[in-house]
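Engineer: dropping a prediction and its sequence here:
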Amino acid sequence: MSAEYKVHGDVAVIAMNNPPVNGLGHATRIAIAAGIDQANADPAVKAIVLTGAGRAFSGGADIKEFGTPKAIQEPNLLSVILACENSSKPIVAAVHSVAMGGGLELALGCHYRIAAPGASIALPEVKLGLIPGAGGTQRLPRVVGVEPALNMIVSGEPVKSEMLAKLPGQKLFDRMAASPESLLEEAIAFARSVADARPLPLVRNLPCRHPLGDAYFGFARNMVKGMAKNFPAPAKCVDAVESATKKKFDDGLAAERETFMALMLTPESRALRHLFVAERAASKIADVPEDTPQRKIERVAVIGAGTMGGGIAMNFLNAGVPVILLEMKQEALDRGVAVIRKNYEAQVKKGKLKPEKYDERVGLLKTTLSYDDIKDADLVIEAVFEEMGVKQKVFEKLDEVMKKGAILASNTSTLDVNRIAAFTKRPEDVIGLHFFSPANVMKLLEVVRGGKTGKDVLATVMAMAKKIRKTAVVSGVCDGFIGNRMIEQYSRQAGFLLDEGATPQQVDKAIEKFGFAMGPFRMGDLAGNDIGWAIRKRRAQERPNMLYSKTADKLCELGRFGQKTGAGWYDYKEGKRDAIPSRLVEDMIADHRKSLGVEPRKISDDEIVQRLVFSLVNEAARILEEGIAARASDVDMVYITGYGFPIHRGGPMLYADQVGLFNVVQAMKRFQKNPRDDAKFWEPAPLLLKLAAEGKTFN
């Protein structure tokens, strides 16, 4: 049942019922319209209350219907709102918990509105690359004023109902209920009090203007341009709200709808809608049902107080979970705690953290030099040196001391989690939790599922990831998991481009223009070039046939490890992060080319972008074939949240879909013919070939 209909004396109550947030799916829209008809046909009913059952008034569009014919099937939302406006009996929207997007637009189509305190009110469509499409840009400015409405529409951020009720001259809420619990009772009483009032008030009939008119909208456009350079929707929000002040209501509504439909077709909106669905999909694991029992995580231990360990600890402290930090030496502990304090102090200084919150978080942190002190932790995360021998010692010790049922996690970024689990007698309790640096800032958490990892362990860490505000993506066990296995191919291509004639700054500039936060060489300098050097040394033993440009090794032999040594692919001035092109590096690359007998050629930015991005795509296709990642959208989430891939392109797999997989395969066949590249790598993955041949896409 998508809406419940009940009569309370002379008031009919229509309660939307489409859990979890009463999304306005086709069945719900039909049920609302039917409820309005039924109430209007019943002579005993004098007024109507429209509300939401459960945890929301309505969260707006039903994401299950995104992109399907049902999303726009009649009665569409505009038709339901028209039915509300045309009702011969007054309709009171009783708003509580959440009224967002179409949910808020529906409430604005009712004759009256009463709100419970604490309700989140928003038009968040801009976050999906859209503008509101059912009158939001036309009605909200009429009830809260042009400026507050435009701020809400352009940001998409929720505002509490009681804050909006305090706006001078607001007509959004006719009344505020005393509490969420008394809302329905108060709404019914309010409906009775207006049952005989005529004419019925309509938001569409309210005036809408801004005293500064063109000057204000010109200013707003400039502000938006600076904030949203890769996205067309925010500027279109300004246009739509401006038309509310200049056009007749129905003309403004038609212009809004036209813009909404046009934005639906843009690659940017497709990317944002894809990521919205992908984030929700990533938390679902096919063979781990949602009702899988979870273990309690009330105390966490972190082993290693370095940059990674300290950052990991902060995630739990931020979520109010006590942490005990273990190190082997007191000075290492002191250093680690000092960095944590310094990070929090910087937040206090910027006004992002209240001093009492600082005290609370630091108060949850304990330190120790003894494994005996961590034995009662529910979850222990190892963040020690990335070397199997070191991990072995730690996990053998953990197996010996940790209580039964504790989850033993490794923060390894490349090593075999099955081997690590085999160092214990409880492999079902072992899992990989690969945090990204800086761990207290980066959203991504790669959850590495070992061959024997228990389903309850997996369910527990996925729930815990939400608590510490991470986007968790499950990966199977392989060298480098999803993200680092792909980035190795991207880095190899960057190296080959240097051999062939490009400079580090040309490669970085091309990929940054495409939208990456940072090019491969600036990224190497930030992370530390010695990390890649260690991996290449390991590769030389394990996969001697794997080709690399020798330039990165030569750079490390010069001691140029990046920002931490003041010199890497670029030069750095003390205390600054600006990457300054290095003459010494350019000479080193030129000498290397001479030793190979390579005549440098001019390389276009398009070739740089295609080789870097399609290398990610080809490796990801293999990762999907092997079952390391469950779905292509999981790969996109990893790259958007952990590797700075441009959000407006939706991740490497969606980007490949938008370019067309046939075109991607053709490009790879071209790259195979390049004598300085790795022809074997550029053989398109069988999955990619199959999808391209069938005219299909990854997503």
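Structural biologist: Received it, and whenever you're ready, just let me know what you need.
Engineer: CA only for contacts and neighbour counts going forward, please
Structural biologist: Will do.
Engineer: and residue 291, how many neighbours does it have?
Structural biologist: Using other CA atoms under 10 Å, residue 291 has 8 other residues around it.
Engineer: and it, that's in a strand?
Structural biologist: No. Under DSSP: H, G, I helix; E, B strand; the rest coil, residue 291 sits outside any strand and is assigned coil.
Engineer: right, and residue 547 touches residue 680 too?
Structural biologist: No. Residue 547 lies out of contact with residue 680 (CA atoms under 8 Å); the separation is 10.3 Å.
Engineer: higher neighbour count, those two?
Structural biologist: residue 547 (15 against 8).
Engineer: can you confirm the more buried one is in a helix?
Structural biologist: No. Counting by three-state DSSP, one finds residue 547 to be coil, located in no helix.
Engineer: ok, it - contacts?
Structural biologist: Counting by CA atoms under 8 Å, 6 or more residues apart in numbering, residue 547 touches 492, 678.
Engineer: go with 7 Å
Structural biologist: residue 678 (CA atoms under 7 Å, 6 or more residues apart in numbering).
Engineer: per-residue pLDDT, it?
Structural biologist: The model reports residue 547 with a pLDDT of 92.
Engineer: and it, how far from residue 539?
Structural biologist: 10 Å (CA to CA, to the nearest Å).
Engineer: what helices or strands is the lowest-mean-pLDDT helix or strand in the chain leaning on?
Structural biologist: Lowest on mean pLDDT, DSSP states H and E among the helices and strands of the chain sits helix 529-542, with a mean of 88. Judged by 3 or more CA pairs under 7 Å, 6 or more residues apart in numbering; DSSP states H and E, helix 529-542 is in contact with helix 551-557.
Engineer: then the helix it packs on to PDB, C-alphas only?
Structural biologist: C-alpha atoms of helix 551-557 as PDB (Å, rounded to 0.1, in the frame of the first residue of the first chain):
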ATOM      1  CA  THR A 551      62.800   7.400 -15.200                       C
ATOM      2  CA  ALA A 552      61.000   6.900 -11.800                       C
ATOM      3  CA  ASP A 553      63.900   4.700 -10.500                       C
ATOM      4  CA  LYS A 554      66.500   7.200 -11.700                       C
ATOM      5  CA  LEU A 555      64.600   9.900  -9.800                       C
ATOM      6  CA  CYS A 556      64.600   7.900  -6.600                       C
ATOM      7  CA  GLU A 557      68.300   7.100  -7.000                       C
END
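Engineer: centre of the chain to it, how far?
Structural biologist: Chain-centre distance of helix 551-557: 35 Å, with CA atoms, centre = their mean, to the nearest Å.
Engineer: what comes up buried for that helix?
Structural biologist: For helix 551-557, the neighbour count (16 or more other CA atoms under 10 Å) marks 551, 552, 553, 554, 555, 556 as buried.
Engineer: tell me the mean pLDDT over that helix?
Structural biologist: 96.
Engineer: which residues are contacting it?
Structural biologist: Contacts for helix 551-557 (CA under 7 Å, 6+ apart): 495, 529, 530, 533, 589.
Engineer: and the furthest pair within those?
Structural biologist: 530 and 589 (18.0 Å; CA to CA).
Engineer: before we move on, back to that, now render the contacts of helix 551-557 as JSON lines, adding distance to residue 604 and neighbour count.
Structural biologist: As requested, those are exported to JSON lines (distance: CA to CA, whole Å; neighbours: other CA atoms under 10 Å):
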{"residue": "495", "distance to residue 604": "16", "neighbour count": "23"}
{"residue": "529", "distance to residue 604": "26", "neighbour count": "24"}
{"residue": "530", "distance to residue 604": "29", "neighbour count": "21"}
{"residue": "533", "distance to residue 604": "28", "neighbour count": "18"}
{"residue": "589", "distance to residue 604": "19", "neighbour count": "24"}
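Engineer: for residue 104, state which of those is nearest.
Structural biologist: Once CA to CA is applied, the member of those that ends up nearest residue 104 is residue 529, at 50.8 Å.
Engineer: got a list of what the closest one touches?
Structural biologist: Counted by CA under 7 Å, 6+ apart, residue 529 has contacts 556, 561, 562.
Engineer: so can I have TSV of the residues you listed showing distance to residue 451?
Structural biologist: Conversion of the contacts of residue 529 to TSV gives the following (distance: CA to CA, whole Å):
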residue	distance to residue 451
556	36
561	36
562	37
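Engineer: mind listing the strands for the stretch 301-450 of the chain?
Structural biologist: Ranges of strands in the stretch 301-450 of the chain, per DSSP state E, counting those that start in this stretch, are 323-326, 365-368, 379-382, 407-410, 430-435, 444-448.
Engineer: of those strands, give the one that comes closest to residue 32.
Structural biologist: With CA to CA as the criterion, residue 32 lies closest to strand 444-448 of the strands of the stretch 301-450 of the chain, at 40.0 Å.
Engineer: adjacent strands (with direction) for the closest one?
Structural biologist: Sheet neighbours of strand 444-448, with direction, are listed as strand 430-435 (antiparallel), strand 471-475 (parallel) (DSSP bridges).
Engineer: output the shortest one as CSV, nothing but the C-alphas.
Structural biologist: C-alpha atoms of strand 471-475 as CSV (Å, rounded to 0.1, in the frame of the first residue of the first chain):
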residue,chain,number,x,y,z
THR,A,471,32.3,5.3,1.7
ALA,A,472,33.1,1.6,1.9
VAL,A,473,33.7,-0.5,-1.2
VAL,A,474,34.3,-4.3,-1.0
SER,A,475,37.3,-5.7,-2.8
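Engineer: pLDDT of stretch 248-260, averaged?
Structural biologist: Rounded mean pLDDT across stretch 248-260 is 97.
Engineer: C-alpha coordinates for it, CSV please?
Structural biologist: Coordinates of each C-alpha in stretch 248-260 appear next as CSV, following Å, rounded to 0.1, in the frame of the first residue of the first chain:
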residue,chain,number,x,y,z
LYS,A,248,3.7,34.7,-15.1
PHE,A,249,3.6,31.6,-12.9
ASP,A,250,2.7,29.1,-15.6
ASP,A,251,5.3,30.5,-18.0
GLY,A,252,8.0,30.2,-15.2
LEU,A,253,6.8,26.6,-14.5
ALA,A,254,7.1,25.7,-18.2
ALA,A,255,10.6,27.2,-18.4
GLU,A,256,11.6,25.3,-15.2
ARG,A,257,10.4,22.0,-16.7
GLU,A,258,12.2,22.6,-20.0
THR,A,259,15.4,23.2,-18.2
PHE,A,260,14.9,20.2,-15.9
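Engineer: show residues contacting that stretch.
Structural biologist: With contacts defined as CA under 7 Å, 6+ apart, stretch 248-260 is touched by 130, 131, 132, 133, 135, 138, 204, 240, 243, 244.
Engineer: which one of those residues is nearest residue 290?
Structural biologist: Taking CA to CA as the measure, residue 290 sits nearest to residue 130 out of the contacts of stretch 248-260, at 31.3 Å.
Engineer: list phi and psi for that closest one.
Structural biologist: phi -120, psi 180 (degrees, to the nearest 10).
Engineer: show me what contacts it?
Structural biologist: Contacts of residue 130 by CA under 7 Å, 6+ apart are 233, 260, 263, 264, 269.
Engineer: just the ones of those in helices?
Structural biologist: If you go by DSSP state H, the contacts of residue 130 have 233, 260, 263, 264, 269 in helices.
Engineer: ok, of the residues you listed, which one's closest to residue 355?
Structural biologist: Residue 355 has its nearest neighbour among the ones in helices among the contacts of residue 130 in residue 233, at 38.1 Å by CA to CA.
Engineer: quick check: the closest one touching residue 127?
Structural biologist: No. Contact criterion CA atoms under 7 Å: residue 233 and residue 127 do not qualify, at 8.8 Å.
Engineer: what about those two, which has more around it?
Structural biologist: residue 233 (26 against 20).
Engineer: from residue 133, how far out is the more buried one?
Structural biologist: 12 Å.
Engineer: could you look up the SS state of the nearest residue to residue 278 once chain neighbours are set aside?
Structural biologist: Once flanking residues are discounted, residue 278 sits nearest to residue 633: 5.4 Å by CA to CA, 6 or more residues apart in numbering. Going by three-state DSSP, the secondary structure assigned to residue 633 is helix.
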